[in-house]
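>>> need a 3D model of the following:
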Amino acid sequence: MKLNYYQPTEIRFGRGRLGELGMATAAFGKNALIVTVPVFKEIEDPLNRARESLEKAGVHVSHYAGVVPNPTVESVDAGAQMARSNKVDVVIGFGGGSSMDTAKAIAVGATHPGTAWDYLFFKKEPGPQTLPVIAMTTTSGTGSHVTQVSVMTESASHTKSAIYHSRIFPKVAIVDPELMLTVPRHITACTGFDVLAHAFESFIHVGGNAYADTLAVEAMGLVRRHLPAALKWGGDLEAREKMAWADTLGGLCIATAGVTLPHGIGMTIGGFAPHVTHGQALAAVYPEFMRFTWSSAISKFARLGRILDPTLKKPADAEAAEGSCAAMDAFLKEIGMWVSFESLKVDRSLLPLIADNSRVLPDYKNNPRIAERDEIFTMLEASYRR
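Okay, here's the model as predicted:
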C-alpha cells in the first residue's frame, strides 16, 4: 500500500468556538476581509459576534457581502478589488461553500495578475503571495473549510471550474455546530446530501486510499443516522454536531482522494442552470449514476447499501450492491431530495449541452466505470422526469 496525505488546515471543532475567530485570524494579519452572502436575519447575530471577536483581537474588518450561489468570476473579481483597495492581509470565508470558495478565490485574485479564473487547475499555479484564508463554516455540506478547491463559474460560457492548489487550503477552519441550528430545512437537506456524495465518491474513487476510505465510511454512517434527525428538528444540536463532523470528514476525504462522475456532471449543471444548488444537481443524477456504476465496484456499493439499508447486511455483496440503488432512492425520498430536472426547472434543451460539457472536468475519469458522452446524456434524459 502506498499513501500520500497532506492536510495543513488547523481544525477547531466544537460548540461555542465562534469566539476564537479573532485570535485565530490575528495570527495571520491585522487587516481582514470577511466574505459573506448579503446579510439576512439568520446570520446577522453570528456575523456581529464574529466582528466583535475580530475587533477584540485587534483585527480591522472590511466586509464583502457580494457572494452569490454558484460563485461567478464577476463576484470573485469584485471581492478581489475590495481586498486590494483595503490592502487586506487575510481573507475570512464566513458562511457556506459559496462564501468559503469565494474567499479562497479572492485570496488568489487580489494578489495575482489577471483574475482568479486565470489560475484554474489546468492553467497557472497560484504563487506564494496568495493571501491566507480562515474558514468559518455555517452549513454542513461542502467540506470547503478543509479543501484546496475553489469552485466558480464563468457566466459568459456557462463553464464551472475550479482552482485546485495547496496554497488555498484554509490556514484555520472553525466549525461551530451552534451556527447551524438556524439553517433552513431545504439547505440542510441539500448540503447534507452533498456530504454523503463527497464521502461515497472518495470511497469509490479509483485513486482513493485507506485513509480516505476510513473517513468516508464513518461519514456515510453519520449522515444516514443524523441527517433525518436534523431535518426533523433543526434545533437538534447533537444531530447538527454529528453532521458538522461528517461534513468535515467528507472534506478531508475529497482533499486527499477526490470526487467522481456525479460531481463533474453536477458542476456542469450548475454552470448552465445556476439556480440549481449543488446538492440538488447531485440528487437529480444520483439514481442513474448508481445504476450505471454499481456493478463496477461491487464491494463498495454493497458497503453503502448496508449503511443506507440494514436489511442488506445478510445478502451477498452482489445483491447488496444492486440493492444500494433502491436504498439510495429511498434515502433521497426520506430527506426530501427526490428531484428531477423537470422539478428543478432545468429546460430539457439544456441536457445535450450539459452532456457535452460533463467531461471537461476530469472527475469522470475517477469513476469505477468511465462514462462516454452519450451514456451521460442517457443518464440525464432518464433524470428529467420522476
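
>>> quick check: residue 9 touching residue 168?
No. With contact defined as Cβ atoms under 8 Å, residue 9 does not reach residue 168; the gap is 10.5 Å. All C-beta atoms are positioned from the backbone trio N, CA, C, and that covers glycine.

>>> tell me which of these two has more neighbours.
For the pair residue 9 and residue 168, the greater number of neighbours falls to residue 168 (27 against 21), based on other Cβ atoms under 10 Å.

>>> how close does that one get to residue 150?
Per Cβ to Cβ, to the nearest Å, residue 168 is found 6 Å from residue 150.

>>> shared neighbours of those two, anything?
Contact criterion Cβ atoms under 8 Å, 6 or more residues apart in numbering; residues shared by residue 168 and residue 150: 104-105, 108.

>>> let me know the closest of these to residue 65.
residue 105 (15.8 Å; Cβ to Cβ).

>>> now do the same contact list for that closest one.
Neighbour list for residue 105: 71, 76, 79-80, 116, 150, 152, 163, 168 [criterion: Cβ under 8 Å, 6+ apart].

>>> the stretch 251-386 of the chain: strands as residue ranges?
Using DSSP state E, counting those that start in this stretch, the stretch 251-386 of the chain contains no strands.

>>> ok so, going back, mind checking which of the shared contacts of residue 168 and residue 150 are in helices?
104-105, 108 (DSSP state H).

>>> just those residues now: which is nearest residue 276?
Nearest to residue 276 among those, with distances taken as Cβ to Cβ, is residue 105, at 20.6 Å.

>>> for this protein, give me the ranges with low pLDDT.
Along the chain, no part satisfies pLDDT under 70.

>>> just say helix, strand or coil for the most centrally placed residue in it.
Compute the mean C-alpha point of the chain, and by Cα atoms, centre = their mean the closest residue is residue 142, 2.4 Å away. Assigned with DSSP: H, G, I helix; E, B strand; the rest coil, residue 142 falls in the coil class.

>>> ok, it touching residue 99?
No. Contact criterion Cβ under 8 Å: residue 142 and residue 99 do not qualify, at 9.7 Å.

>>> can I get the longest helix belonging to the chain as CSV, trimmed to CA atoms?
When the chain is parsed with DSSP H, its longest helix is helix 210-232. Extracted as CSV, the C-alpha positions of helix 210-232 are listed here (Å, rounded to 0.1, in the frame of the first residue of the first chain):
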residue,chain,number,x,y,z
ALA,A,210,-7.1,3.6,3.0
TYR,A,211,-7.1,6.9,4.9
ALA,A,212,-10.0,8.3,2.8
ASP,A,213,-11.9,5.0,2.9
THR,A,214,-11.8,5.0,6.7
LEU,A,215,-13.1,8.6,7.0
ALA,A,216,-15.7,8.0,4.2
VAL,A,217,-17.3,5.0,5.9
GLU,A,218,-17.6,7.0,9.1
ALA,A,219,-19.0,10.0,7.4
MET,A,220,-21.6,8.0,5.4
GLY,A,221,-22.8,6.3,8.6
LEU,A,222,-23.1,9.7,10.4
VAL,A,223,-25.2,11.1,7.5
ARG,A,224,-27.5,8.1,7.5
ARG,A,225,-28.1,8.3,11.2
HIS,A,226,-28.2,12.1,11.8
LEU,A,227,-29.4,13.9,8.7
PRO,A,228,-33.0,12.8,9.1
ALA,A,229,-32.9,14.0,12.7
ALA,A,230,-31.5,17.4,11.7
LEU,A,231,-34.3,17.7,9.2
LYS,A,232,-37.0,16.6,11.7
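
>>> buried residues, it. List them.
Of all the residues in helix 210-232, those buried under the rule 16 or more other Cβ atoms under 10 Å are 211-213, 215-220, 222-224, 226-228, 230-231.

>>> and if you look at stretch 66-75?
Buried-residue list, stretch 66-75, by 16+ other Cβ under 10 Å: 66-75.

>>> for stretch 297-310, same thing?
Neighbour-count burial for stretch 297-310 flags 297-298, 300-309 (criterion: 16+ other Cβ under 10 Å).

>>> closest one of those to residue 356?
Set against residue 356, the nearest of these by Cβ to Cβ is residue 297 (26.3 Å).

>>> so that closest one makes contact with residue 368?
Yes. Taking contacts as Cβ under 8 Å, residue 297 lies within contact range of residue 368: 4.0 Å.

>>> which neighbours do those two have in common?
residue 204.

>>> in TSV: the shared contacts of residue 168 and residue 150, plus distance to residue 199.
Below are the shared contacts of residue 168 and residue 150 laid out as TSV (distance: Cβ to Cβ, whole Å):
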residue	distance to residue 199
104	22
105	25
108	28
